[in-house]
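Enquirer: Generate a structure from the sequence data that follows.
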Amino acid sequence: MPRVLICASTAVHIGNFHRPYLTYFKEQGYEVHLAVPESTVNADVDVLHAVPITKRLFSLRNLAAALQIRRIIRSNGFDLIIVHTTLAALVVRLGALFSGKARPPLINTVHGYFFWKGCGLVRYLTYYLPERLLRGVTDCIIIMNEEDAIAAQKLVKKGGSVFKVHGMGVDAARFNPATDAEKRRARQALGIGDDAFVLVYPAEFSRRKNHMELLHALDRIRRHEPRVLLLLCGTGALEGAARRETERLELQEHVRFLGWCSRMETVYSACDMAVSASRSEGLPFNIVEAQLCALPVVASGIRGHTDLIAHGRTGWCYPPGDADRLAEAILQVIASPDQGRQVGADARQSALQFSLDVAFKENVEAYRQVLKTKTS
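Expert: The predicted model follows:
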């Protein structure tokens, strides 16, 4: 029986985004192995390997994890390895390097490099150099935005391949524009009045997701539009800091912390607009989901966002770091509801190319091409 090893830095990442791909390999007759730090996962796999990958890049635990990956590779005779997320990709490829020439083909699925234009020299070197050093065991790179696609050409092994895809795919049947009745029901469930103008930002509370910039913009917005309400969906290390900043700015009546939301489609139904102040993205699910729900979107003008948003046509991008411009863009949408609805409708049509139906075929074709090269 052929075997595939799929790896990520969290089990949640696999459970949320990769189940269709696990199912694909099982239907093709593969024994599916999964390597994540956790000992349980909400997904159907044949063998689970708990590998202690840690978020500190140069931790000795990651070296131990790489040695464990080496043993896993040598013991199981895999036909293919697929890695997701930066940290897991580095650890697993290091383990593959330790495995020697007997290793199978390896695909690095890049959801957004941790270096980008303008990120600063230290960050650039910290994350670019390991990619460069491990290119010899990177047979294929699957990439999701244009800036990363350019970088990937120098980070894949000689003779290797780079595939640009429309993400991992969002279920277009799940995310749809809400009818007026659905919007009223969704707001009633959340205790939101009909007259509120509701923004949503689903994101982990981290420095990269940059909630503080959005809160500072909201402080400016509420002075002109007291009906504004921001829904923050997610958890994370900086949630406490965001709550304290909300109190400092006296925004308690304008911000709600909803925690982890498993049914984001119902939250989008209650909203008028989606926002993102993120500093770095690959190809963010939250923007695609909001666009499929026909919500107008205002987001920072970074890689990943600019691949999804045509400024002024399918959303708006503002200069990263400029809370005033972010506030102005949101106020423009509030003041021009007809324009917002038209942009949202156009965004939905554009976002359909990032649906699961499209992205699944592209990713699977990349897998097939790498496996074909292995057997030829």
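Enquirer: wait, is Val333 part of a helix?
Expert: Yes - counting by DSSP: H, G, I helix; E, B strand; the rest coil, Val333 is part of a helix.
Enquirer: Can you give me every residue that contacts it?
Expert: When contacts are counted by Cβ atoms under 8 Å, 6 or more residues apart in numbering, Val333 is found next to 273, 296, 298, 316, 339-340. (Glycine included, C-beta is placed from N, CA and C.)
Enquirer: Show me these that map onto strands.
Expert: Here DSSP state E is the test, and those give 273, 298, 316 as lying in strands.
Enquirer: Turn these into JSON lines, columns for distance to Ala241.
Expert: Formatted as JSON lines, the ones in strands among the contacts of Val333 follow (distance: Cβ to Cβ, whole Å):
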{"residue": "Met273", "distance to Ala241": "24"}
{"residue": "Val298", "distance to Ala241": "23"}
{"residue": "Trp316", "distance to Ala241": "27"}
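Enquirer: Mind putting those residues into a markdown table with pLDDT?
Expert: What follows is the ones in strands among the contacts of Val333, written out as a markdown table (pLDDT from 0 to 100):
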| residue | pLDDT |
| --- | --- |
| Met273 | 98 |
| Val298 | 98 |
| Trp316 | 97 |
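Enquirer: Buried subset of the contacts of Val333 as a PyMOL selection?
Expert: Selecting the buried subset of those in PyMOL, with 16 or more other Cβ atoms under 10 Å as the burial test, is done by:
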select buried, resi 273+296+298+316+340
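Enquirer: which one of the contacts of Val333 sits closest to Asp307?
Expert: Trp316 (14.9 Å; Cβ to Cβ).
Enquirer: For that closest one, give me its contacts.
Expert: 296-299, 309, 329, 332-333, 343.
Enquirer: could I get these as TSV with distance to Asp180?
Expert: Shown next, in TSV, are the contacts of Trp316 (distance: Cβ to Cβ, whole Å):
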residue	distance to Asp180
Pro296	17
Val297	21
Val298	23
Ala299	26
Ile309	26
Ala329	25
Gln332	23
Val333	19
Val343	19
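Enquirer: Among the contacts of Val333, which one lies nearest to Thr40?
Expert: Using Cβ to Cβ, the contacts of Val333 come closest to Thr40 at Met273, 37.0 Å.
Enquirer: so the closest one sits right up against Tyr201, yeah?
Expert: No - counting by Cβ atoms under 8 Å, Met273 sits too far from Tyr201 to count as a contact (10.1 Å).
Enquirer: okay but Ala88 is in contact with Cys7, surely?
Expert: Yes - with contacts counted by Cβ under 8 Å, Ala88 reaches Cys7, the gap being 4.9 Å.
Enquirer: Next, show the common contact partners of these two.
Expert: 35-36.
Enquirer: circling back: Asn363: which of the contacts of Trp316 is nearest?
Expert: Of the contacts of Trp316, the one sitting nearest to Asn363 (Cβ to Cβ) turns out to be Ile309, at 22.6 Å.
Enquirer: pretty sure that closest one contacts Cys317?
Expert: Yes - using Cβ under 8 Å, Ile309 is in contact with Cys317, at 5.6 Å.
Enquirer: neighbour-wise, which of these two wins?
Expert: Ile309 (24 against 21; other Cβ atoms under 10 Å).
Enquirer: Next one: the closest residue to Cys293 other than its chain neighbours relative to Ala186, how far apart?
Expert: Excluding the flanking residues, the one nearest Cys293 by Cβ to Cβ, 6 or more residues apart in numbering is Tyr268, at 4.3 Å. Going from Tyr268 to Ala186 by Cβ to Cβ, to the nearest Å gives 8 Å.
Enquirer: likewise Gly136?
Expert: Taking Cβ to Cβ, one finds Gly136 at 51 Å from Ala186.
Enquirer: I'd assumed the residue nearest to Cys293 was in a strand, is it?
Expert: No - assessed by three-state DSSP, Tyr268 does not belong to a strand; its assignment is helix.
Enquirer: Return the distance of it relative to Pro226.
Expert: With Cβ to Cβ as the criterion, Tyr268 and Pro226 are 23 Å apart.
Enquirer: More neighbours: those two, which one.
Expert: Tyr268 (28 against 11).
Enquirer: So Arg56: helix, strand or coil?
Expert: coil.
Enquirer: what's the neighbour count on it?
Expert: Neighbour tally, Arg56, other Cβ under 10 Å: 9.
Enquirer: That one: what's its closest spatial neighbour, skipping adjacent residues?
Expert: Asn62 (7.4 Å).
Enquirer: Check Phe175 too.
Expert: For Phe175, the closest residue by Cβ to Cβ, 6+ apart turns out to be Leu292, at 3.9 Å.
Enquirer: What about Asp180, how many residues nearby?
Expert: 7.
Enquirer: What sits closest to Gly236 if chain neighbours are left out?
Expert: Phe205 (3.2 Å).
Enquirer: in stretch 18-33, what counts as buried?
Expert: So for stretch 18-33, counting by 16+ other Cβ under 10 Å, buried means 18, 21-22, 24-25, 30-33.
Enquirer: Verify the stated contact: Lys26 with Asp44.
Expert: Yes - the criterion here is Cβ under 8 Å, and Lys26 meets it with Asp44 at 7.0 Å.
Enquirer: which stretches of the stretch 251-376 of the chain have low pLDDT?
Expert: 374-376 (pLDDT under 70).
Enquirer: Tell me if I'm right that His305 and Arg279 touch.
Expert: No - using Cβ under 8 Å as the test, His305 is too far from Arg279 to be in contact (10.6 Å).
Enquirer: contact partners of stretch 91-106?
Expert: Contacts of stretch 91-106 (Cβ under 8 Å, 6+ apart): 7, 35, 51, 53, 62-63, 65-70, 72-74, 78-83, 108, 134, 136-140, 370-371, 373-374.
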